[in-house]
Structure formats: C-alpha cells, structure tokens
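# Okay, sequence plus prediction incoming.
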Amino acid sequence: MHLYHTLAVTRLYIPVAAPLTELRPGAFDVPAVCVRGENGKGYLLAFSTVDNLRRWKPTHDQFVTFVGAQVAEMAKGMDDVDEIAVNVATPESRGNIPRADFEFLQLPHVIVKADV
C-alpha cells in the first residue's frame, strides 16, 4: 500500500501534443502524448523529472504536471490506455503501471494526503 500512496502523491510530468492556453482546476482533458507499443498496448507517458522527460525527447518542452492520483484519473478516462509508462527512456527508474493498478488508485479507500 505504501507504493500506491507514494505514487498517488508524487508529481509527474505529462508531455502534451499541443500547447495549452488554459488548464482549469480539476481538468484532466489535456492533449497528452500516448503511444502504442509493438505489443499493441496503449501507453500514457509520464516522467518523474523534466530531465527524464528530455531523455525521451530532448527538445520536447510542452508538458503539464499532475500528482500521480490525477494522472491515474486521467488515464482511467482514456479507453485506449492500457498502462501508464513512467520514465520510458531512463532504464534505472522506468516502469509501467497496468490499468488494474491505476484503477485501484481511484477507489474510495485509497486516501491521498499531501504533506504540508
């Protein structure tokens, strides 16, 4: 459960395909970059740092930041996303979060409390 709590409160950088003029509070309808793997799965890309994002695409400078629980909420609403791919270009810290796991993060019994 500690892993889920850490993921839920960690800030993640999500690359977007187009510049955003405005992001409404609580809105997750952003043009997030998604890719389809050779295995046919759809991935929402997420990065733990801007440096990790730039390892993926050095010139990509369009992104939004959300905490992990918000990223899970966004991915949950994207039918083509099978997994959230974290740090795809950073072997020492990359990993995938399957739909069953990110949907779990949205259950009411998972409480997210930000450290103040």
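Happy to help now that I have it.
# When you work out contacts or count neighbours from here on, use the C-alpha atoms and nothing else.
Noted.
# what bits of the chain have low per-residue confidence?
1-6, 21-28, 105-116 (pLDDT under 70).
# Show me where it has its strands.
Taking DSSP state E as the criterion, the chain carries its strands at 11-15, 34-36, 42-46, 63-67, 83-86, 95-98.
# Which elements pack onto the second one?
For strand 34-36, the contact count by 3 or more Cα pairs under 8 Å, 6 or more residues apart in numbering; DSSP states H and E identifies strand 42-46 as packing neighbours.
# Strand partners (parallel or antiparallel) of the strand it packs on?
strand 34-36 (antiparallel), strand 83-86 (parallel) (DSSP bridges).
# Out of those strands, which one sits most buried?
Mean neighbour count (mean count of other Cα atoms under 10 Å) peaks for strand 83-86 among those, with a mean of 23.
# Run the chain-centre distance for that one.
7 Å (Cα atoms, centre = their mean, to the nearest Å).
# about what we covered before: closest to residue 54 out of the strands paired with strand 42-46?
Residue 54 lies closest to strand 83-86 among the strands paired with strand 42-46, at 13.0 Å (Cα to Cα).
# who's in contact with the closest one?
41-48, 72, 75, 93-99 (Cα atoms under 8 Å, 6 or more residues apart in numbering).
# and the residues you listed, which are buried?
42, 43, 44, 45, 46, 47, 48, 72, 75, 96, 97, 99 (16 or more other Cα atoms under 10 Å).
# Just put those residues in JSON lines and tack on distance to residue 8.
As requested, those are exported to JSON lines (distance: Cα to Cα, whole Å):
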{"residue": "42", "distance to residue 8": "21"}
{"residue": "43", "distance to residue 8": "18"}
{"residue": "44", "distance to residue 8": "16"}
{"residue": "45", "distance to residue 8": "16"}
{"residue": "46", "distance to residue 8": "13"}
{"residue": "47", "distance to residue 8": "14"}
{"residue": "48", "distance to residue 8": "12"}
{"residue": "72", "distance to residue 8": "8"}
{"residue": "75", "distance to residue 8": "13"}
{"residue": "96", "distance to residue 8": "15"}
{"residue": "97", "distance to residue 8": "12"}
{"residue": "99", "distance to residue 8": "14"}
